[in-house]
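In: predicted model follows, preceded by the sequence.
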Amino acid sequence: MDELVTQLAGDGGDLDGQAARDAVCDVLDELFRDAESWDELENEATTRNDVVRLLELFLTHYIYNRVPVVAARLSTIADPEAARGADRQMRQVIEDCVAIRLPEKALSMDWSGPEGRAVVEEVLGLAYQALEGLA
């Protein structure tokens, strides 16, 4: 599995790389949580819509991992249930920002090039603005 994560997200040699690796692991866990064999894994994501959804999930987790205000805000909440609720709310805000900004041609873009980086930076900025507005 480590080889698959490395192929998808790199070696995690810097903060961005580690955020990407963590996001890939989160998406794989979310998508394949109940799979117990390679055959079950193979049967999960097969349509274009599934791949778009995987990309949305990856970007959501990646942005969540890159926004330090998330951890800072959650660390100030003493009540565990309130912290979980705030975490869910922050994740939803980021997921909504990704959905708003994900381009139609998302599957044909070079995400490691300038166009992909521009989308990520735009979503990061939008997420920061939205999260700053949360009480």
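Out: Received it, and whenever you're ready, just let me know what you need. Residues are numbered from 1 along each chain as shown.
In: check the spacing between Gln18 and Asp11 real quick.
Out: 9 Å (C-beta to C-beta, to the nearest Å). (Glycine included, C-beta is placed from N, CA and C.)
In: these two: which has the busier surroundings?
Out: Taking other C-beta atoms under 10 Å, Gln18 and Asp11 do not tie; Gln18 has more neighbours (16 against 11).
In: secondary structure element holding the more buried one?
Out: Taking DSSP states H and E as the definition, Gln18 sits inside helix 15-32.
In: from Val93, how far out is Gly17?
Out: Taking C-beta to C-beta as the measure, Gly17 and Val93 are separated by 24 Å.
In: so between these two, which is more surrounded?
Out: A count of neighbours by other C-beta under 10 Å puts Val93 above the other of Gly17 and Val93, at 22 against 13.
In: that one against Leu131, yeah?
Out: Yes: Val93 lies in contact with Leu131 (C-beta atoms under 8 Å); the separation is 6.0 Å.
In: quick revisit: please identify the buried residues of the helix holding Gln18?
Out: In terms of neighbour count (16 or more other C-beta atoms under 10 Å), helix 15-32 has its buried residues at 16, 18-28, 31.
In: out of these, the closest to Val70 would be?
Out: Distance ranking of the buried residues of helix 15-32 against Val70, using C-beta to C-beta, places Ala19 first at 11.6 Å.
In: quick check: closest non-adjacent residue to Arg73.
Out: Excluding its sequence neighbours, the residue lying closest to Arg73 (C-beta to C-beta, 6 or more residues apart in numbering) is Ala86, at 6.7 Å.
In: need the helices for this protein, in chain order.
Out: Using DSSP state H, the helices of the chain run over 2-9, 15-32, 38-42, 48-66, 68-75, 80-101, 114-132.
In: what sits up against the third one?
Out: So the one you mean is helix 38-42. Helix 38-42 is contacted by residues 32, 34-35 when judged by C-beta atoms under 8 Å, 6 or more residues apart in numbering.
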